[in-house]
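*Asks:* Can you look at this prediction? I've put the sequence above it.
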Amino acid sequence: MKSLLLLLFVLAVASGIGLYLKGSTGAIKRKRRLRITPAELGDGYGQRATIVQFSTTFCSSCRAAKSLIKDVVKDQSDIKYLEIDAESNLDLVRKVDIKSTPTTLFLDKSGFEIARATGAPKRDQLIKVIASL
């Protein structure tokens, strides 16, 4: 009987953690005003905004996020999309506090971070954030 209760408790805790992670992964959250320079990006800013995705080579979610973001911004020439290899840019990864890939940063036209998504962003949230830039 005790082992059954322990099993049910562990199952409930694991389910709670799983539901939390599912809800928070890919959610776009407003962030502090950290500035990333064009030299750190290796390119300039977009006229209205810049979307920077930190990826790694073997990350399947990174490929899905890249495809989604490119699809959403393809007709918006004033928004620049950049993909940065996290493994090759460790100084920048540390500066902007990247904990996992994909992580997508949304920068204003001056290079200040205004939002970020950890995990592949959701299409509706991505569209909403881009509209607010």
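*Replies:* Alright, I've got the coordinates. Residues are numbered from 1 along each chain as shown.
*Asks:* Would you map the helices across this structure?
*Replies:* Using DSSP state H, the helices of the chain run over 2-24, 38-41, 60-73, 90-95, 123-132.
*Asks:* Which one of those has the poorest average confidence?
*Replies:* For the helices of the chain, mean pLDDT drops lowest on helix 2-24, to a mean of 65.
*Asks:* For residue 68, which non-adjacent residue is spatially closest?
*Replies:* Distance criterion C-beta to C-beta, 6 or more residues apart in numbering; nearest residue to residue 68, sequence neighbours excluded, is residue 123 at 6.2 Å. For every residue, glycine as well, the C-beta is placed using N, CA and C.
*Asks:* What number of neighbouring residues does the one you found come out with?
*Replies:* 13 (other C-beta atoms under 10 Å).
*Asks:* do you know how far it is from residue 89?
*Replies:* Distance check for residue 123 against residue 89: by C-beta to C-beta, to the nearest Å, it reads 27 Å.
*Asks:* And residue 44, by the same measure?
*Replies:* Applying C-beta to C-beta to residue 44 and residue 89 gives a distance of 17 Å.
*Asks:* And for residue 110?
*Replies:* 21 Å.
*Asks:* ok, those two, which is more surrounded?
*Replies:* Using other C-beta under 10 Å as the criterion, residue 110 and residue 89 rank with residue 89 on top: 17 against 9.
*Asks:* So residue 70 is in contact with residue 81, correct?
*Replies:* Yes: applying C-beta atoms under 8 Å as the test, residue 70 and residue 81 come out as touching, 6.2 Å apart.
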